[in-house]
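Visitor: Dropping a prediction and its sequence here:
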Protein chains: 2
Amino acid sequence: MLSAEIIAIGSELLTPEKTDTNGLWLTGKLNEIGIEVKLKTIVGDDSLRLEETIKDALKRSDVVITTGGLGPTEDDITRQISARAIGRELVFHEEIVEHLRERFRAWGREMPEINKRQAYTIEGAEILPNPNGSAVGMAVGIGEKFLIILPGPPRENQPMFNDFVFQKLREKAGEIVFRKRILKVSGLGESAVDEAIAPIYSAYNNVSTSILFNKSEVEVHLTAQGANDIEADALNAEIAAKIVEKLGIAVFSTEGEEMEEVVGRLLTERSETLSVAESCTGGLISQRLTDISGSSRYFIEGVIAYANEAKTNALNVSPEIIEQNGAVSAETAEAMAKGMRARAKTNYAISITGIAGPTGGTPEKPVGTVFIGYSDEKLTKSFKIVLPGDRFLIRWRSSQAALDYLRRQILKK
Amino acid sequence: MLSAEIIAIGSELLTPEKTDTNGLWLTGKLNEIGIEVKLKTIVGDDSLRLEETIKDALKRSDVVITTGGLGPTEDDITRQISARAIGRELVFHEEIVEHLRERFRAWGREMPEINKRQAYTIEGAEILPNPNGSAVGMAVGIGEKFLIILPGPPRENQPMFNDFVFQKLREKAGEIVFRKRILKVSGLGESAVDEAIAPIYSAYNNVSTSILFNKSEVEVHLTAQGANDIEADALNAEIAAKIVEKLGIAVFSTEGEEMEEVVGRLLTERSETLSVAESCTGGLISQRLTDISGSSRYFIEGVIAYANEAKTNALNVSPEIIEQNGAVSAETAEAMAKGMRARAKTNYAISITGIAGPTGGTPEKPVGTVFIGYSDEKLTKSFKIVLPGDRFLIRWRSSQAALDYLRRQILKK
């Protein structure tokens, strides 16, 4: 498997506001042909650091791609520094100048003298034309390695990569294909998932597996290699099936879907409807559900009953229930779900009441205490969880727990 | 001026889907105290490349900050590799294990054995506590240089940096101080704002100004330098006052607050209350409002009336209004706001009905058509906007427009 490094060049990429996005796109294209990106560097208009970066990258990796720093101004140092890093000269091309003059003429402008800088390329480099801008790119073979030099703007470097680089690298990379698949797991921690499934994935040499924790769920990323898509997909499917067999209902998606998509799919398949009564999550569950286009098929109504009076007025929770048990209690959660379902006339209703913090906690009900209610035509019930995290995470994790509870109930019915 | 490098560690950051965002936040904090970020590296779970990266960074720069790779699994190699890069041993801390066991116990879980890995720190390193996660951080002085090792999740590394690293680096960085201030502007485009305020900011040499567009608002970032905080803050305040004088009510925050915070503050100051009736935004406005701790003082109730029956049942919108004008109309928006306010008995109610897409548009009411309703004790009114963007952006921009409408009404009263 070939290795690649990507170097993004430009001081604006070292500010608090701007991040390199070229790297993501290039990574996707390289992964398609089985080239793995091993390192990315973002460096400014800094000759010493850039030279060292290019040298190190070429020492370590088969393919090095730079983006940016090919403009006509003095800050644009990619041409000189990359030539110096590989010990070659720059060569001036009269035909590039001519071409640039024409471009400027076409816009009714005179080419500024400084643009002549863009007519220098590295000795022995293949010149990559740029129909969308003034900077040409370069592809330089250095022994078995490749240095690819691209302009910074995506609308210039993407067509340049597609038209003049992709095929070259595909030939170099050979036949192998890589395919990715993401499984998502609820209710288990990262290390518990790893302990359970390590015996499965470690038996496969040609699938790389990584396990990530993502706010409130664990993701299992599988990347299978094969001679073609079908072969690689089959490998992923084989492991995915074994993981589902092992972890059961805890796997809520084998296709990388969000929890709200999974719940939406289950409701759509069953032509059933849902309403939601929220207190501490303040609309987050409804917002997540309705993020999905087509959710109007199953999502009927939501109520955010923040104040106690709202719980009574909108959801018909009797004031005595709240008085006797507190607004954050199993009884209130169940009454909210029941009241919501009765009013919206849906197949299911879920409810949430809890303490998202940072204030409002008590010794018996600390911040993070959340009751989730569920109601369908036959039964109404609830469960309690105590969630770690700050306000944002407690709200997020509550919403995830409620949607997952609904998912498990639907599947059990 | 001190130089810094940031190293983001984790193979997931080398996929086509994920980019490092920690680097942006850290850059902002470092810039505040006059430390310049000269290079950023993103490296996977790759011992050789990581070791070389840490060594190179410490050779070139005064401060090196790593994020990520401190989890409990075998992929998490930051501890071992950074120790190796600087030629030190790892030391086991029984007290960290005890603390971890307690954390797990508090969630009602047993600590998996592999978490013991997180109890190793580099010889001579200062341990940085992590109240929000299981991985401690480290600060290592190496001669005149600093290696700072932080966990990957922003919710863990940001408080850790603020509480245990910032002051240390500030002392090292010395005299000149940089202070940042963010103004936020609604209802005007990026170039209109720039045209209006360029004569103001260009008169100041020691304040750098940048103007950014952010989803649905324009941000003006001021960074003033001075001999101390008071001097730099005064400079920012002077420019901020001039910008507010020029742009008036369009400036909704001079302290970088979110729109929902500004609205919350206005309501709190006036001891007034709010309820919200949403259709196309599906709970987003309520969710944003209740993201703010203390919002229970003014946010009473929200209704997500997705289906037409919900608009009628929950908000008392007469079926004739919907039939005659459509669910997406000024009349329906006004009836929603009026019905919401009557039921929740709040000082204000706002409502939204619109077409978030991608489907559901018509020639007269294309995707992006949104009606925003407003009701207080004296009047009920509405306005229409047609918003560009995909489903996510239309929903976001609608929520922002509704909150801004409310803000302007409150200020005009």
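Guide: That came in fine, so what should we check first? Bear in mind the structure is a predicted one, so any value in this text is a computation, not a measurement. Numbers count the residues shown, from 1 in each chain, chains lettered A, B, ... in the order given.
Visitor: Get me the contact residues on the stretch 51-200 of chain A for chain B.
Guide: Residues of the stretch 51-200 of chain A that fall close to chain B, judged by CB under 8 Å from any CB of the partner chain: A:52-53, A:56, A:60, A:189-192, A:194-195. Heads up, the C-betas are built off the backbone N, CA and C, glycines and all.
Visitor: Can you tell me which of the residues you listed has the most neighbours?
Guide: A:Thr53 (25 neighbours; other CB atoms under 10 Å in any protein chain shown).
Visitor: Secondary structure of that one: a helix, I assume?
Guide: Yes - the assignment for A:Thr53, made by DSSP: H, G, I helix; E, B strand; the rest coil, places it in a helix.
Visitor: For it, give me its contacts.
Guide: A:7, A:41, A:43, B:39 (CB atoms under 8 Å, 6 or more residues apart in numbering or on different chains).
Visitor: can you do 7 Å?
Guide: Applying CB atoms under 7 Å, 6 or more residues apart in numbering or on different chains, one finds that A:Thr53 lies in contact with A:7, A:41, A:43.
Visitor: Neighbours of A:Pro199, how many?
Guide: Counted with other CB under 10 Å, A:Pro199 comes out at 10.
Visitor: host element of it?
Guide: Per DSSP states H and E: A:Pro199 is located in helix A:190-201.
Visitor: Show me the contacts of A:Thr53 that map onto strands.
Guide: A:7, A:41, A:43 (DSSP state E).
Visitor: Dump the residues you listed to CSV, plus pLDDT.
Guide: Below are the ones in strands among the contacts of A:Thr53 laid out as CSV (pLDDT from 0 to 100):
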residue, pLDDT
A:Ile7, 98
A:Thr41, 97
A:Val43, 96
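Visitor: what subset of these is also close to chain B?
Guide: A:41, A:43 (CB under 7 Å from any CB of the partner chain).
Visitor: Closest to B:Pro159 out of the ones in strands among the contacts of A:Thr53?
Guide: Distances from B:Pro159 to those, taken as CB to CB, are shortest for A:Thr41 (28.2 Å).
Visitor: So what are the sheet partners of the helix or strand bottoming out on mean pLDDT in chain A and their directions?
Guide: The weakest-scoring helix or strand in chain A, judged by mean pLDDT, DSSP states H and E, is strand A:207-214 (a mean of 86). Here strand A:207-214 has these sheet partners by DSSP bridges: strand A:217-226 (antiparallel).
Visitor: in stretch A:157-173, what's buried?
Guide: Across stretch A:157-173, burial judged by 16 or more other CB atoms under 10 Å in any protein chain shown covers A:157-158, A:160-161, A:164-165, A:169, A:172-173.
Visitor: nope, stretch A:349-367 is what I was after
Guide: For stretch A:349-367, by 16+ other CB under 10 Å, it's A:349-357, A:360, A:365, A:367.
Visitor: Then stretch A:371-391?
Guide: Buried, per 16+ other CB under 10 Å, within stretch A:371-391: A:371-376, A:380, A:382, A:385-387, A:389-391.
Visitor: Out of the residues you listed, which sit inside strands?
Guide: Short answer: these in strands (DSSP E) are A:371-375, A:380, A:382, A:385-386.
Visitor: Let me know the closest of the buried residues of stretch A:371-391 to A:Thr209.
Guide: Nearest member of these to A:Thr209, counting by CB to CB, is A:Gly389, at 26.8 Å.
Visitor: Next, count neighbours for the spatially closest residue to the closest one that is not a sequence neighbour.
Guide: Closest residue to A:Gly389 apart from its sequence neighbours, by CB to CB, 6 or more residues apart in numbering or on different chains: A:Arg397 at 6.4 Å. Using other CB under 10 Å, A:Arg397 is surrounded by 20 other residues.
Visitor: Might one say that A:Arg397 is in contact with A:Ser216?
Guide: Yes - judged on CB atoms under 7 Å, A:Arg397 makes contact with A:Ser216 at a distance of 4.3 Å.
Visitor: what does the strand or helix carrying A:Leu24 contact?
Guide: Following DSSP H and E, the helix or strand that holds A:Leu24 is helix A:22-32. By CB under 7 Å, 6+ apart, the residues outside helix A:22-32 that reach it are A:4, A:6, A:8, A:37, A:40, A:65, A:67, A:154, A:157-158, A:161, A:166, A:178, B:14-16, B:19.
Visitor: now it and strand A:217-226, what's the angle there?
Guide: Calculated by axes from the mean of the first three to the mean of the last three CA atoms, to 10 degrees, helix A:22-32 forms an angle of 50 degrees with strand A:217-226.
Visitor: Pull out the buried residues from helix A:22-32.
Guide: A:22-24, A:26-27, A:29-31.
Visitor: For those, give me CSV that also has distance to A:Glu95 and pLDDT.
Guide: CSV is the format used below for those (distance: CB to CB, whole Å; pLDDT from 0 to 100):
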residue, distance to A:Glu95, pLDDT
A:Asn22, 28, 95
A:Gly23, 32, 96
A:Leu24, 34, 94
A:Leu26, 28, 97
A:Thr27, 34, 95
A:Lys29, 29, 92
A:Leu30, 31, 93
A:Asn31, 36, 88
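Visitor: near chain B, which residues of the stretch 251-400 of chain A?
Guide: Counting by CB under 7 Å from any CB, the stretch 251-400 of chain A sits next to chain B at A:282-284, A:286-287, A:290, A:293, A:296, A:299-307, A:310, A:313-314, A:343-344, A:358-359, A:388-391, A:393.
Visitor: Derive a PyMOL selection command for the buried subset of those residues.
Guide: Buried residues within these, by 16+ other CB under 10 Å, are selected in PyMOL with:
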select buried, chain A and resi 282+283+284+286+287+290+296+299+300+301+302+303+304+305+306+307+310+313+314+343+344+389+390+391+393
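Visitor: Out of the residues of the stretch 251-400 of chain A next to chain B, which sit inside strands?
Guide: A:299-305.
Visitor: any idea which of those residues is the one closest to B:Glu255?
Guide: For those, the nearest to B:Glu255 is A:Ile304 (27.3 Å; CB to CB).
Visitor: How is chain A divided into domains?
Guide: Annotated domains of chain A cover A:3-173, A:177-253, A:259-412 [automatic domain parsing].
Visitor: Tell me which of these is the most buried.
Guide: Stretch with highest mean neighbour count among the domains of chain A: domain A:259-412 (a mean of 21; mean count of other CB atoms under 10 Å in any protein chain shown).
Visitor: for the record, mean pLDDT for the top helix by length along chain A?
Guide: Secondary structure of chain A read by DSSP state H shows that its longest helix is helix A:391-412. Computed over helix A:391-412, the mean pLDDT rounds to 95.
Visitor: likewise stretch A:266-284?
Guide: 97.
Visitor: Equivalent analysis for stretch A:332-349, please.
Guide: 97.
Visitor: what sits up against it?
Guide: A:272-277, A:300-301, A:303, A:305, A:311, A:315-317, A:321-322, A:325-326, A:350-351, A:353, A:371-377, A:380-382, A:406, B:310, B:313.
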